[in-house]
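Chemist: Return atomic coordinates for the entry below.
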Amino acid sequence: MTIFDLLINDHRSVNSILNQIAKTTVAHLFKREALFIRLQEEFTRHAISEEKVVYAPLKRKKKNEFKEDDEEHRLVESLFIQISRLCPSDSVWTTKMALLTKMIRSHVEEEETSLFKKLSTNLAFDELDQMSRDFEFLKKETAVPMDSRSSSLRTFFGS
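Modeler: Numbers count the residues shown, from 1 in each chain. Model (predicted):
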């Protein structure tokens, strides 16, 4: 698989989880929580691997072009933390989740248009091929720390 295929597959997987979360209601508290944790884990693995394997080589070649992408990743990370501290039955959880969904989808669209062009224009085939292997390896090896996972149910039930 090419790096483009790998990134698109991750994007589709995250989008699928976002769609599943959007279909849940307060009556699906545990399902909503489990999906959020899965989203956080998948997104974190993807983002860490993407930062190290995809963005790093481009930043070395075009230093100032990725400040907006860095800021978007920081905002998404901040939203994950905020949401994880809320109870999924809370209306603020739903509002912040809608914002997170919008940000992730916007970021994915931007990546699949402008980032893919930058990759294919600035890197040679062998660099892209190595990038694919490195991305797959790093994604498998990346562990998501337990403290970054959602704990809102434990808070909600007083555990």
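
Chemist: Which residue comes closest to the residue nearest the centre of the chain once chain neighbours are left out?
Modeler: The residue lying closest to the centre of the chain (CA atoms, centre = their mean) is residue 43, at 2.8 Å. Once flanking residues are discounted, residue 43 sits nearest to residue 14: 5.8 Å by CB to CB, 6 or more residues apart in numbering. Just so you know, the C-beta spots here come from the backbone N, C-alpha and C atoms, and that holds for glycine as well.

Chemist: on that earlier part again, let me know the pLDDT of the residue nearest to the centre of the chain.
Modeler: Model confidence at residue 43, given as pLDDT, is 93.

Chemist: With residue 146 instead?
Modeler: 54.

Chemist: got it, and residue 156?
Modeler: pLDDT for residue 156: 36.

Chemist: Pretty sure the residue nearest to residue 43 sits against residue 101.
Modeler: No - Residue 14 lies out of contact with residue 101 (CB atoms under 8 Å); the separation is 9.8 Å.

Chemist: Could you measure from the residue nearest to residue 43 over to residue 114?
Modeler: According to CB to CB, to the nearest Å, residue 14 stands 19 Å off from residue 114.

Chemist: More neighbours: these two, which one.
Modeler: residue 14 (20 against 12; other CB atoms under 10 Å).
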